[in-house]
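K.L.:
model the following, please.
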Amino acid sequence: MTISTYVEIASEVKQALLHKQPVVALESTIISHGMPYPQNLETAQQVETIVRDNGAVPATIGILGGVLKVGLNGDELEYMAQSSHIVKASRRDLPFLIAKRYDGATTVATTMLIASLAGIEIMATGGTGGVHRGAQNTFDISADLMELSRTNVAVVCAGVKSILDIGLTLEYLETHGVPVVSFGVDDFPAFYTRESGFLADYRVDTVEELASALKAKWDLKLHGGLVIGNPIPAEFAMDQQKINQAITEALEEMEAKGIVGKETTPYLLSKIVEITEGKSLESNIQLVYNNAKLASQLATAYYRSSFSPKSTNSP
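P.N.:
As a prediction, the model looks like this:
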């Protein structure tokens, strides 16, 4: 068996990869579990448009009928946005989703993994997972972090979600040798806000410098990804005190209801939308658009450098 037994790459994406054109991988959990309908579908469609407008080919990744799909078409995007039977899929779930022919929405970790199998090295998301608050008791640490330590995909995000323990997340990434950079600012962004109170490892101000760093990293066989913190545009950022109050309220209610595991993030994000009367959802959408733009510009700069994808599984 070969990778193509399990992975189906859309024609447009396959052609772009064959001709060394920039491609940006996009996750699907944000569609199926991160936003309500129809905002989730509208956001997914607009993100793909932004990627195209900035010179790259979008490859939204999902799992349909047990097939790992790299590049969803319009009907598939709509299905992902409306179906209530889509599993939130991380690395551990893939063998069983394939065997049972289930549908799955890919997290950052799974999107990275499948993108790497296809030969895509840059992805955009909203925010990555991380170390959850209270992890010293629960050991709740997102699989995204481990994937970043071993899979050669750069992740453009608005930082880690502010529902997490940002300091411990950055410590974990440092321990596993994952570079963390902020684009255009010194502070590592905190999803809904531009500042977290924690400095990134490096500040980078141009996509050309980012592309050069990626090339050097993987030329030297320093395996693993890179976290690129791209702060939410100032006009869409939320007041830090108000969003922290909303997060605290949501966490207290989640604990009281006994919600744990992979259901925590979707629950918290939904609850925060409710508490903020929809303002956090608008911020979430705008930061995703901003990340798609930067990821596309980075992918274009990266391929301009004439660096061929390292994956041996490229089509």
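
K.L.:
look up how far residue 157 lies from residue 187.
P.N.:
Relative to residue 157, residue 187 is positioned 14 Å away (criterion: C-beta to C-beta, to the nearest Å). Bear in mind the C-beta positions are built from the backbone N, C-alpha and C, glycine included.

K.L.:
give me the more crowded residue out of these two.
P.N.:
The residue with more neighbours, out of residue 187 and residue 157, is residue 157; 25 against 18, by other C-beta atoms under 10 Å.

K.L.:
ok, that one - contacts?
P.N.:
By C-beta atoms under 8 Å, 6 or more residues apart in numbering, the contact list for residue 157 reads 108, 124-128, 227-230, 291.

K.L.:
residue 292 now?
P.N.:
Remark: with contacts taken as C-beta under 8 Å, 6+ apart, residue 292 is in contact with 24, 26, 47, 50-51, 54, 124.

K.L.:
which one of the contacts of residue 157 is nearest to residue 304?
P.N.:
For the contacts of residue 157, the minimum distance to residue 304 (C-beta to C-beta) is 17.5 Å, reached by residue 228.

K.L.:
what about the longest strand in this structure?
P.N.:
Taking DSSP state E as the criterion, the chain has its longest strand at strand 57-64.

K.L.:
pLDDT averaged over it, what's the number?
P.N.:
Averaging the model's pLDDT scores along strand 57-64 yields 98.

K.L.:
and it, which strands flank it?
P.N.:
Each strand that strand 57-64 pairs with, and the sense of that pairing, follows from DSSP bridges: strand 23-26 (parallel), strand 67-70 (antiparallel), strand 104-106 (antiparallel).

K.L.:
okay, those strands, which one's buried deepest?
P.N.:
strand 23-26 (a mean of 30; mean count of other C-beta atoms under 10 Å).

K.L.:
what's that strand in contact with?
P.N.:
Residues external to strand 23-26 that are found in contact with it (C-beta under 8 Å, 6+ apart): 13, 16-17, 44, 47-48, 51, 56-61, 70, 111-112, 114-115, 118, 120, 122-125, 153, 292, 295-296, 299.

K.L.:
please flag which of the residues you listed sit within helices.
P.N.:
The members of the contacts of strand 23-26 that map onto helices under DSSP state H are 13, 16-17, 44, 47-48, 51, 111-112, 114-115, 118, 292, 295-296, 299.

K.L.:
separation between residue 74 and residue 120?
P.N.:
20 Å.

K.L.:
comparing the two, which shows the higher neighbour count?
P.N.:
Neighbour count, other C-beta under 10 Å: between residue 74 and residue 120, residue 120 has more, with 30 against 11.

K.L.:
residues contacting that one?
P.N.:
The neighbourhood of residue 120, defined by C-beta under 8 Å, 6+ apart, consists of 13, 17, 23-25, 59, 70, 153, 309.
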